[in-house]
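# Please work out how this folds:
(one chain, ligands or ions: 3)
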Amino acid sequence: MALSNSLNVLDFVVNKGHGVKGLAELGLKTLPKQYIQPPEERFDPGVADQGQHGSIPLIDMSRSDDLEIAEAICNAAQKWGFFQIVNHGVPVRVLEDVKDATHAFFGLPAEEKQKYSKEHSVTNNVRYGTSFTPEVEKALEWKDYLSLFFVSKDEAASYWPPVCRNQALEYMKSSEIIVKKLFKILMNGLNLREFDETIESTLMGSMRVNFNYYPKCPNPELTVGVGRHSDVSTLTVLLQDDIGGLYVRNTETMEWIHVAPVNGSLVINIGDALQIMSNGKYKSVEHRVSAHGSRNRISVPIFVNPKPSDIIGPLPEVVQNGENSLYKHVLYSDYVKHFFRKSHDGKATIEFAKA
Ligand SMILES: COc1cc(/C=C/C(=O)SCCNC(=O)CCNC(=O)[C@H](O)C(C)(C)COP(=O)(O)OP(=O)(O)OC[C@H]2O[C@@H](n3cnc4c(N)ncnc43)[C@H](O)[C@@H]2OP(=O)(O)O)ccc1O
Ligand SMILES: O=C(O)CCC(=O)C(=O)O
Ligand SMILES: [Fe+2]
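Numbering: from 1, shown residues only. Ligands and ions are numbered 1, 2, ... in the order given. Have a look, this model is predicted:
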């Protein structure tokens, strides 16, 4: 009998806090049935992406004052919704430290990590979990995560796990400059006359950092690390390690494009909030993550968001010439709650804001 048949998988992974990492470490030979995805959501086995379907743009931010670079950024945001940046100004040491801190957090005993679960965490701003929304998912995803919503340094000092707190704060702090630079360029591309405090606060009023852990998987061809989704942020800054597995939809051909890891780079993607604010000019594109058969993978996204209390909708400048508003105005926290209460379902979340 398979080991997972004699085990209450959900109880072990979710309630006891072992996560999918604990499950992987039992040395299972086959994937528990709870993780088997329907065929249409699985990754094509044996189709190794060698870049033959193209790749998302790689942009050198050391020349970010050049018109050419600003244009490349706005074009990438319109066509791909994704690009990678190098020479971004976030020190390599900060990136290495936050990757080490991710491994350190997930290396803690289950009882320690469980203190941060939805049921045990003393604050909603710190959450250790697994899959995406296990309560409603028909098939689980092969991923554990720690999610940290930034309120203040003092709050972080009181509640964030000590083993990764400073590294997460440093990573967020050092990314702010490049994020602001990207927003300035993107807003210029929408003909916004000035980048004032109001627009800055709507675009980057709150930040959340997630630590994602994808353990090696006995049957990666049957499951997913993360299912098809688009982020609900305005912009996401993603640090991935050297393993690979992130795929982005080419919205013209509908093919899945692998985001090959580039040492020292950061992946940037447009989220739903910016798609809505730009009235569809900038695209929040579907992406997903495969599971890996022999290595543990990590990634560390920073989700840059409006504040939960902000109302978001198309900016006046993008509908001033009589264009139809594709989206209505919605309370941002309602939008995010809608996202979190269902399983990953590709681009469906944005229907919530359709006019
Ligand atoms: C986890 O795997 C993921 C995550 C993602 C994320 C992609 C993003 O783009 S994240 C950016 C999210 N935006 C923000 O954080 C914006 C600011 N925050 C808010 O608006 C609020 O903090 C809130 C997220 C709406 C929570 O508000 P609150 O009033 O505290 O409401 P709750 O009742 O606690 O939560 C509502 C609902 O959401 C679930 N939830 C909350 N936080 C998380 C979280 N960090 N991870 C997962 N789920 C979360 C919570 O369980 C509640 O559901 P119930 O059914 O229990 O009511 C992309 C891909 C991934 O695989
Ligand atoms: O792990 C990755 O590369 C991407 C994860 C992701 O899409 C997310 O956390 O929203
Ligand atoms: Fe994502």
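# From now on I want contacts and neighbour counts done on CA atoms only, so please keep to that.
OK.
# give the contact list for Gly54.
Counting by C-alpha atoms under 8 Å, 6 or more residues apart in numbering, Gly54 touches Ile257.
# Give me the distance between it and ligand 1.
Distance, Gly54 to ligand 1, by C-alpha to the nearest ligand atom, to the nearest Å: 24 Å.
# quick one: that residue is in a helix?
No. Assignment of Gly54 by DSSP: H, G, I helix; E, B strand; the rest coil gives coil, placing it outside any helix.
# Per-residue pLDDT of Lys143, please?
At Lys143, the model reports a pLDDT of 98.
# Not counting sequence-adjacent ones, nearest residue to it?
Tyr214 (4.7 Å; C-alpha to C-alpha, 6 or more residues apart in numbering).
# Output the lowest mean pLDDT helix or strand found in the chain.
helix 9-10 (a mean of 92; mean pLDDT, DSSP states H and E).
# After that one, which helix or strand is next?
Following helix 9-10 in sequence order, the next helix or strand is helix 19-24 (DSSP states H and E).
# any residues touching that next one, and which ones?
12-13, 110, 129-130, 142-144, 213-218.
# let's see 6 Å
By C-alpha atoms under 6 Å, 6 or more residues apart in numbering, the list of residues contacting helix 19-24 from outside reads 13, 130, 215.
# Just confirm yes or no for that helix near ligand 1.
No. Shown here: helix 19-24 not in contact with ligand 1 (C-alpha under 6 Å from any ligand atom), separated by at least 13.1 Å.
# Residues touching the longest helix belonging to the chain, excluding its own?
Longest helix in the chain, counting residues (DSSP state H): helix 165-188. Contact partners of helix 165-188, identified using C-alpha under 6 Å, 6+ apart, comprise 70, 74, 90, 94, 98.
# Give me the buried positions along that helix.
Within helix 165-188, the residues scored as buried using 16 or more other C-alpha atoms under 10 Å are 165-169, 171-172, 175, 178-179, 182-188.
# cool, stretch 306-324 as well?
306-308, 310-315, 318.
# now stretch 71-87
71-87.
# what's the answer for stretch 280-294, then?
Quick answer for stretch 280-294 (16+ other C-alpha under 10 Å): 280-292.
# Grab the most central residue of this protein for me.
Residue closest to the average C-alpha location in the chain (C-alpha atoms, centre = their mean): Pro301, at 5.0 Å.
# For it, give me its contacts.
209-210, 237-238.
# Now do the same for it: helix, strand or coil?
strand.
# How about it: what's its closest non-neighbour residue?
Leu238 (4.1 Å).
# Mind checking what helix or strand follows the helix or strand hosting that neighbour in sequence?
Element membership for Leu238 (DSSP H and E) is strand 235-240. With elements assigned by DSSP H and E, the helix or strand that comes after strand 235-240 is strand 246-249.
# Disregarding residues adjacent in the polypeptide, which is nearest to the residue in the stretch 251-355 of the chain that ligand 2 sits nearest to?
Using C-alpha to the nearest ligand atom, the point where the stretch 251-355 of the chain gets nearest to ligand 2 is Ser299, with a distance of 4.7 Å. Of all residues not flanking Ser299 in the chain, Gln240 sits nearest, at 4.3 Å (C-alpha to C-alpha, 6+ apart).
# Quick check: that neighbour vs Leu192, distance?
Distance of Gln240 to Leu192, computed by C-alpha to C-alpha, to the nearest Å: 32 Å.
# Also Phe183?
In terms of C-alpha to C-alpha, Phe183 sits 11 Å off from Leu192.
# Find the closest residue to ligand 2 in the stretch 1-150 of the chain.
Tyr145 (8.6 Å).
# neighbours around that residue, how many?
24 (other C-alpha atoms under 10 Å).
# can you pull the buried residues of stretch 137-152?
Residues of stretch 137-152 classed as buried by neighbour count (16+ other C-alpha under 10 Å): 137, 139-150.
# what's the answer for stretch 248-257, then?
Result for stretch 248-257 [16+ other C-alpha under 10 Å]: buried residues 248-250, 256-257.
# Need the contact partners of it.
Contacts for stretch 248-257 (C-alpha under 6 Å, 6+ apart): 247, 286-287.
# out of those residues, who's nearest Glu197?
Using C-alpha to C-alpha, Glu286 comes nearest to Glu197 of the contacts of stretch 248-257, at 30.1 Å.
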